[in-house]
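> What follows is a predicted structure for the sequence shown.
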Amino acid sequence: MGQQIINGLFLGSVYALFALGYTLVFGVLDILNLAHAAVFMLASFVALTLVSGAHLRLWLALPLAMAFAGLLGVVVERVAFRPLRGRADSNISGLISSLAVATVFQALALQIWGPDVSRFPIATAPARPMAFLGGVISSLQILVIGIALVLFVALTVLVRRTRLGRQMRAVAENPRAARILGVNVDRVIVASFFISSALGGAAGVLFSLAFNAIQPDMGRSVELKGLAVIILGGMGSMVGAVVAGFALGLVEVLVVAHLGGSWRDAVSFTALFLILVLRPRGLLGAASLREA
């Protein structure tokens, strides 16, 4: 059981980090950015290129890949969302346009890196095993869980304790009123997309390190899990995204261990359905950006 808990926390940390990016944009704009999974994938390839091509250490390649992902998020906002802002159907139109941008990003990845699975060089990240909770945890798993928790704490502090965070909450409540009060709404939206995509990029790099397999369609399965996490945790709730991410990771690992891999998604999404029937707003209800 101890080993399953370790593996579940490890997998759940990636789900939680990926879902935080979704949650931040949804909390500010009430929209879902479906290009998030493509940014997740491209950040992995960029980190791989920096490590294997430019021979950078992981501790430097990771923040550079996150910065690249953040800039991609700004591109997504400018191309897929800003031209549609203010339209009555902007939410649906934004979903479709972000999906189109994701398709373009995936095509670029196919053109540059090809369809085959790419892998990080051996010893890119530490993998020394050690005993924990009656199981074995590697230093890579500790690194992934630790980075995910640090980024969550940093995001929480940013949203609740900084001027930008207060502006984000103001825009989330009422963009028009925030503009009247002197908030640069466009700048806040761009910052939200940058931070959201940087978090998604970090999740992509950590995910690819964990499984050492990178390919252009790697974001699709994680995208579904990310959507499940933000719905389960409560749309817009950052704490809910983290709690639901770890919960989903634990459920998946326990199902694989006791029922087999073929039941993993079936049981996970059945549990999601039951929770939403019993608690339609998710585990933690309203958006945390508006609760803070």
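On my side now, so go ahead.
> residues contacting the spatially closest residue to Glu252 that is not a sequence neighbour?
Take Glu252 and drop its neighbours on the chain: the residue closest to it by CB to CB, 6 or more residues apart in numbering is Arg264, 5.1 Å away. The C-beta positions use only the backbone N, C-alpha and C, and glycine is treated the same way. Neighbouring residues of Arg264 by CB atoms under 8 Å, 6 or more residues apart in numbering: Glu252, Val255, Val256.
> C-terminal to the helix or strand where the first one lies, what's the next element?
So that's Glu252. Remark: Glu252 resides in helix 238-258, with elements defined by DSSP states H and E. Per DSSP H and E, helix 238-258 leads on to helix 264-278 as the next helix or strand towards the C-terminus.
> between that following helix and helix 238-258, how many degrees?
Angle, helix 264-278 to helix 238-258, by axes from the mean of the first three to the mean of the last three CA atoms, to 10 degrees: 140 degrees.
> Mind listing what's buried along helix 264-278?
Going by neighbour count (16 or more other CB atoms under 10 Å), the buried part of helix 264-278 is Arg264, Val267, Ser268, Ala271, Leu272, Ile275.
> hmm, back to that, can I get the contacts of Arg264 in CSV including neighbour count?
Below are these laid out as CSV (neighbours: other CB atoms under 10 Å):
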residue, neighbour count
Glu252, 22
Val255, 20
Val256, 18
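> What ranges does the stretch 1-150 of the chain have for its helices?
For the stretch 1-150 of the chain, applying DSSP state H, counting those that start in this stretch gives helices covering 2-29, 36-48, 58-76, 90-113, 139-161.
> Just the CA trace of the second one, in PDB.
Extracted in PDB, the C-alpha atoms of helix 36-48 (Å, rounded to 0.1, in the frame of the first residue of the first chain):
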ATOM      1  CA  HIS A  36      -3.000  24.300 -22.700                       C
ATOM      2  CA  ALA A  37      -2.100  20.700 -23.500                       C
ATOM      3  CA  ALA A  38      -0.200  21.700 -26.600                       C
ATOM      4  CA  VAL A  39       1.900  24.200 -24.600                       C
ATOM      5  CA  PHE A  40       2.500  21.300 -22.100                       C
ATOM      6  CA  MET A  41       3.900  19.200 -25.000                       C
ATOM      7  CA  LEU A  42       6.000  22.000 -26.600                       C
ATOM      8  CA  ALA A  43       7.600  22.900 -23.300                       C
ATOM      9  CA  SER A  44       8.700  19.200 -23.000                       C
ATOM     10  CA  PHE A  45      10.300  19.300 -26.400                       C
ATOM     11  CA  VAL A  46      12.000  22.600 -25.600                       C
ATOM     12  CA  ALA A  47      13.500  21.200 -22.400                       C
ATOM     13  CA  LEU A  48      14.700  18.100 -24.200                       C
END
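> Give me the helices and strands touching it, please.
Using 3 or more CB pairs under 8 Å, 6 or more residues apart in numbering; DSSP states H and E, the elements in contact with helix 36-48 are helix 2-29, helix 58-76, helix 90-113, helix 185-211, helix 219-233.
> and the gap between the residue of the chain most remote from its centre and Phe194?
Distance to the chain centre peaks in the chain at Ile180, reaching 32.0 Å (criterion: CA atoms, centre = their mean). Using CB to CB, to the nearest Å, we find Ile180 at a distance of 25 Å from Phe194.
> Now do the same for the closest residue to Gly234 other than its chain neighbours: helix, strand or coil?
Sequence neighbours aside, Gly282 is the residue nearest to Gly234 in space, at 3.3 Å (criterion: CB to CB, 6+ apart). In three-state terms, and counting by DSSP: H, G, I helix; E, B strand; the rest coil, Gly282 is coil.
> I figured Gly282 was touching Gly233, is that so?
Yes: assessed by CB atoms under 8 Å, Gly282 is found in contact with Gly233 at 5.4 Å.
> neighbour count winner among the two?
Between Gly282 and Gly233, counted using other CB atoms under 10 Å, the more crowded position is Gly233 (28 against 23).
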